[in-house]
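> coordinates for the following, if possible.
(one chain, ligands or ions: 1)
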Amino acid sequence: MTKVDTKNHGVIAGLGERILGGGPISRDEALWLFHLESSVDVLDLLSWANRIREHFKGNKIHLCSIVNAKAGACSENCSFCAQSSFYQTGSPRYGFVDPGPVAEAAEEAGRNGVTALGLVAAWRGLSEGPILDEVCDRIRELKAGGKTRPDASLGIIKSQNVADRLKEAGLECYNHNLESSRRFFPKTCTTHTFDDRLETIRRVKQAGIKICSGGIIGMGETREDRCDLAFELKAIGANVVPLNILNPIQGTPFEKNPPLPVLEILKTIACFRFILPRQEIMIAGGRVVNLRDAQSLIFMAGASALMVGNYLTTLNQPVEKDLQMLKDLGLDPRWDRQGFSDQEEDGCGCGNGSRETEIELADAK
Ligand code: SF4
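Numbering: from 1, shown residues only. I've put the predicted structure just below:
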């Protein structure tokens, strides 16, 4: 018989109860969760993350798809990316798309019950000019088609006017990932900075557009980096938090990165749910290749959103399989909170006045 250590059980439960009661988690407490090692503790953590997801999000799962609106030859050197012009990866290259492929993607997304379709472009960013006019046209067409919510991921935005024009065209949510912690970011990219990204997010928010921002795990970052990314995303007020798991692309600097263990991935999702209890936590790229048969456990780990359909340069599993997975788990992909009203906090959200208990943290191992 193996003696199972139960000393961490009460601490995890205490933190979980506090989040359910509307209270916050400190960085030290969250970091303690990130450092849990034994599978019994991690599975305990998942069950609390699942409760938190269920409490704040019910059984609804937000589905999102993307369409690559401009591919390859990007001027930036993000070390994980197949579309950077710095690396030989053989990924496709084409200019900004005509209405046809976007309308087709919207049709398909609508058929699959997908909430949002993101127009994604591989370039440094967007400024005033004819391309912005075209982007706004595609957004207007998507909005008028009424199949899905028009979202976009168009890189760095340097002028408030550009963000305002996107809003006027009908853009509801803008994706701009922080990718990792401020500390680790320079190891992922040197052609722009973490602050460039924060600035874009500030402009987009000021325009009244919702924020989709997350990152990638498995790039060689530490657990501290993952924890700091989650707190940074909380600080910027991200509404949707996409978590990608590195799928190492041949030809990129991260091509030989070792895969993260499945339990480490699930634990990271759960820790994000503790830190970001009301946000949509979306599992995006790298899901199939890294999680394989354990994919359905992402919801028990606290994920409330899923990217379906193919990724930008890699394949996903068929949407029918994802929809079947949700059905089997009793989860409902019809997401109807267009205004993200479920993210509004009761009171000021500082956690004062909520049930709070002093939790003593032991060595997590
Ligand atoms: S992640 Fe975006 S900005 Fe970076 S290289 Fe790829 S397409 Fe360019």
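
> going forward, measure contacts between C-alpha atoms and count neighbours the same way
Noted.

> what's the burial count for I269?
By other Cα atoms under 10 Å, the residues close to I269 number 24.

> and this structure, which residues reach the ligand?
C74, E76, N77, C78, C81, Q83, S84, A122, W123, R124 (Cα under 6 Å from any ligand atom).

> out of those residues, which is most surrounded?
C81 (29 neighbours).

> just say helix, strand or coil for that residue.
At C81 the chain is in coil, as set by DSSP: H, G, I helix; E, B strand; the rest coil.

> was I right about it contacting T252?
Yes: here C81 reaches T252: they are 6.8 Å apart, a contact under Cα atoms under 8 Å.

> now for the helix or strand bottoming out on mean pLDDT in the chain, which elements pack on it?
Sorted by mean pLDDT, DSSP states H and E, the helices and strands of the chain end with helix 99-111, the least confident at a mean of 85. Here helix 99-111 touches strand 62-70, strand 116-121, helix 130-145, going by 3 or more Cα pairs under 8 Å, 6 or more residues apart in numbering; DSSP states H and E.

> what sits against the closest residue to the ligand within the stretch 151-300 of the chain?
Nearest residue of the stretch 151-300 of the chain to the ligand (Cα to the nearest ligand atom) works out as G155 at 6.2 Å. Applying Cα atoms under 8 Å, 6 or more residues apart in numbering to G155 gives the contacts A121, A122, W123, R124, G125, L126, H176.

> thinking again about what came up before, any chance of CSV for the helices and strands packed on helix 99-111, columns mean pLDDT?
Output for the helices and strands packed on helix 99-111, formatted as CSV (pLDDT from 0 to 100):
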stretch, mean pLDDT
strand 62-70, 88
strand 116-121, 89
helix 130-145, 91
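
> kindly reformat the ones you listed as a markdown table containing mean neighbour count.
Conversion of the helices and strands packed on helix 99-111 to a markdown table gives the following (neighbours: other Cα atoms under 10 Å):
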| stretch | mean neighbour count |
| --- | --- |
| strand 62-70 | 23 |
| strand 116-121 | 24 |
| helix 130-145 | 18 |
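
> so for E224, which of these sits nearest?
strand 62-70 (28.1 Å; Cα to Cα).

> tabulate the CA atom coordinates of that closest one in PDB.
Presented in PDB, the C-alpha positions along strand 62-70 are these (Å, rounded to 0.1, in the frame of the first residue of the first chain):
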ATOM      1  CA  HIS A  62     -17.400  29.400 -25.600                       C
ATOM      2  CA  LEU A  63     -16.200  28.200 -29.100                       C
ATOM      3  CA  CYS A  64     -13.900  30.300 -31.200                       C
ATOM      4  CA  SER A  65     -12.400  29.800 -34.700                       C
ATOM      5  CA  ILE A  66      -9.800  31.700 -36.700                       C
ATOM      6  CA  VAL A  67      -9.200  32.500 -40.300                       C
ATOM      7  CA  ASN A  68      -5.700  33.300 -41.500                       C
ATOM      8  CA  ALA A  69      -6.400  36.600 -43.300                       C
ATOM      9  CA  LYS A  70      -2.800  37.300 -44.300                       C
END
